[in-house]
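Participant: sequence first, predicted coordinates after that:
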Amino acid sequence: MKVDTLLHAQWIIPINDDRVLENHSLAISHGRISAILPTAEARERIQAGEVLELPDHVLIPGLINTHTHAAMTLLRGLADDLPLMTWLNDHIFPAEAKLDPGMVRIGTTLACAEMIRSGTTCFCDMYLFEGAVAEAARTAEMRAVAGEVLYDFPSPNYGPIEQGFAYTRDLIARWKDDPLITIAVEPHSPYLCAPELLQEAAALSEENAVPLVIHLSETRTEVGTIQERYQKTPVGHLADLGILGPRTVACHCVELTDEDIALLKKTDTKVAHNPESNMKLASGVAPVPQLLAAGICVGLGTDGCSSNNDLDLFAEMDTAAKLHKVDHLDPTVASAEAVLAMATRDAARVLGLGDEIGTLEAGKRADLIVIDTDKPHLTPMYSPVSHLVYSVKGSDVTASVINGNVVMEQGELLTVDEERAMAEARQAAEKIR
């Protein structure tokens, strides 16, 4: 068998089942995984254009960030230790009014460098000037689900909402059938979007078979506002409007009733869980164990760098597992296996990409990362899965492959000039300052 790339690893964790494969190899051809087999057999049977020898390394699917605002790397540390609405209205929205497509491209390029370095191969973005986000991700050869944020008041990008929908339609047409970029329809939230806006967004999502991404039930304040305005919880309000469904990605879902959880399950709505952002903004703890017990698909996200303040999904996994244990006073909830799935297999399902990425299987897109375990904090090795959630740091990632292309090798970024990205971000920060 002749293939493009062959990786010989100490351990491969496919995530599609409970197996940990030791001394196995993974072959890549034309951007897809062509085989996973024992290394001894691979050395005999397979010829490759490029071979990576990875002793003491773990190979897993690339991590998938189900909710972020990539260009907010430019706002990292700008306004910390504030309640959500104060943070948003008094600091973030005024800063965002200064942004332009060039600045968003700079912030997104910096985010791509940070994400690739820490093991993320795909991210779902909601922000302004999303055309620039898509272009930056494509240049970095990252996989992205991108959507322009829609809300009732005029946007610094498109102006009135009618032009926001036109902008979104143009994005869908521009990126249709791209191998890396998917466009989503992304109304901001029930409290910043009128019912008519939400219904038009849902119709556009359905018409084009693309995801609909929305912040939902993030805080008690939001829930109180929507209940006063519509006499429904935010989840109930969206259900009445026909917004919930299998393509809908509900971000945060911190304040949920039992009836809300039943509605999410009934409609097959997906959830993006952002524990560190929710903790930093003191929004609360999302009832993730209850969501999982109900059979709701939950993926992991970081949110943006101004409310986290990084894009490291390994740190997010560690936080997620421990947060729910202490919140429930039960060390068995949010197991390492479940949380790792939330950052890979289940995250792919959240974004509608489960048939293409999220697990390591023959026929799937070759999105994968390599972790070096020859480190003091990863020694000894009893369980690679445990180490991935509780011990591995983003800096332990040494190689990354996206759509079959090696984008980082031996710790060197191959698709992003990170020195230039950091220099341009510092210049952009001066304009924001």
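Facilitator: Thanks, I have it.

Participant: what is the helix or strand where residue 251 lies packed up against?
Facilitator: Following DSSP states H and E, one finds residue 251 within strand 248-252. If you count contacts as 3 or more CB pairs under 8 Å, 6 or more residues apart in numbering; DSSP states H and E, strand 248-252 packs onto strand 63-68, strand 212-216, strand 270-273. All C-beta spots, glycine's among them, are computed from the backbone N, C-alpha and C.

Participant: who touches the helix or strand following it?
Facilitator: Once strand 248-252 ends, the next helix or strand along the chain (criterion: DSSP H and E) is helix 258-267. If you take CB atoms under 8 Å, 6 or more residues apart in numbering as the criterion, helix 258-267 is touched by 217, 233, 235-236, 239, 244-246, 248, 250, 253, 256, 269, 271, 287, 290-291, 294-296.

Participant: and with 6 Å instead?
Facilitator: 233, 235, 239, 244, 245, 294, 296 (CB atoms under 6 Å, 6 or more residues apart in numbering).

Participant: of the residues you listed, select the buried ones using a PyMOL command.
Facilitator: To isolate the buried ones among the contacts of helix 258-267 in PyMOL, judged by 16 or more other CB atoms under 10 Å, type:
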select buried, resi 233+235+239+244+245+296
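
Participant: out of the helices and strands in this protein, which is least certain?
Facilitator: Using mean pLDDT, DSSP states H and E, the weakest-scoring helix or strand in the chain turns out to be helix 84-87, at a mean of 83.

Participant: name the helices or strands packed onto that helix?
Facilitator: If you count contacts as 3 or more CB pairs under 6 Å, 6 or more residues apart in numbering; DSSP states H and E, helix 84-87 packs onto no helix or strand.

Participant: how about the strand holding residue 251 as CSV, C-alpha atoms only?
Facilitator: The C-alpha trace of strand 248-252 is given here as CSV (Å, rounded to 0.1, in the frame of the first residue of the first chain):
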residue,chain,number,x,y,z
THR,A,248,-29.0,24.3,16.6
VAL,A,249,-25.9,24.8,18.8
ALA,A,250,-27.0,26.3,22.2
CYS,A,251,-23.9,27.9,23.8
HIS,A,252,-23.5,28.0,27.6
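
Participant: touching, residue 415 and residue 407? I think so.
Facilitator: Yes. Applying CB atoms under 6 Å as the test, residue 415 and residue 407 come out as touching, 4.7 Å apart.

Participant: overlap in contacts of those two?
Facilitator: residue 141.

Participant: quick one: the helices in the stretch 251-400 of the chain?
Facilitator: Using DSSP state H, counting those that start in this stretch, the helices of the stretch 251-400 of the chain run over 258-267, 275-280, 288-293, 313-328, 336-342, 345-350, 384-390.

Participant: before we move on, back to that, got CSV for the helices and strands packed on strand 248-252, with mean pLDDT, mean neighbour count and distance to residue 47 too?
Facilitator: Converted to CSV, the helices and strands packed on strand 248-252 look like this (pLDDT from 0 to 100; neighbours: other CB atoms under 10 Å; distance: least, CB to CB, whole Å):
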stretch, mean pLDDT, mean neighbour count, distance to residue 47
strand 63-68, 98, 30, 30
strand 212-216, 98, 29, 43
strand 270-273, 98, 30, 41
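
Participant: residue 426: how many residues sit nearby?
Facilitator: Neighbour count for residue 426, taken as other CB atoms under 10 Å: 12.

Participant: and if you look at residue 423?
Facilitator: Other residues close to residue 423 by other CB under 10 Å number 12.

Participant: quick revisit: please narrow the contacts of helix 258-267 to those residing in helices.
Facilitator: Using DSSP state H, 235, 239 are the members of the contacts of helix 258-267 that sit in helices.

Participant: now the contacts of helix 258-267 in JSON lines, with pLDDT and distance to residue 402?
Facilitator: Below are the contacts of helix 258-267 laid out as JSON lines (pLDDT from 0 to 100; distance: CB to CB, whole Å):
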{"residue": "233", "pLDDT": "98", "distance to residue 402": "39"}
{"residue": "235", "pLDDT": "98", "distance to residue 402": "34"}
{"residue": "239", "pLDDT": "98", "distance to residue 402": "36"}
{"residue": "244", "pLDDT": "98", "distance to residue 402": "31"}
{"residue": "245", "pLDDT": "98", "distance to residue 402": "29"}
{"residue": "294", "pLDDT": "98", "distance to residue 402": "33"}
{"residue": "296", "pLDDT": "98", "distance to residue 402": "28"}
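
Participant: farthest pair within the contacts of helix 258-267?
Facilitator: The most widely separated members of the contacts of helix 258-267, counting by CB to CB, are 233 and 245 (17.3 Å).
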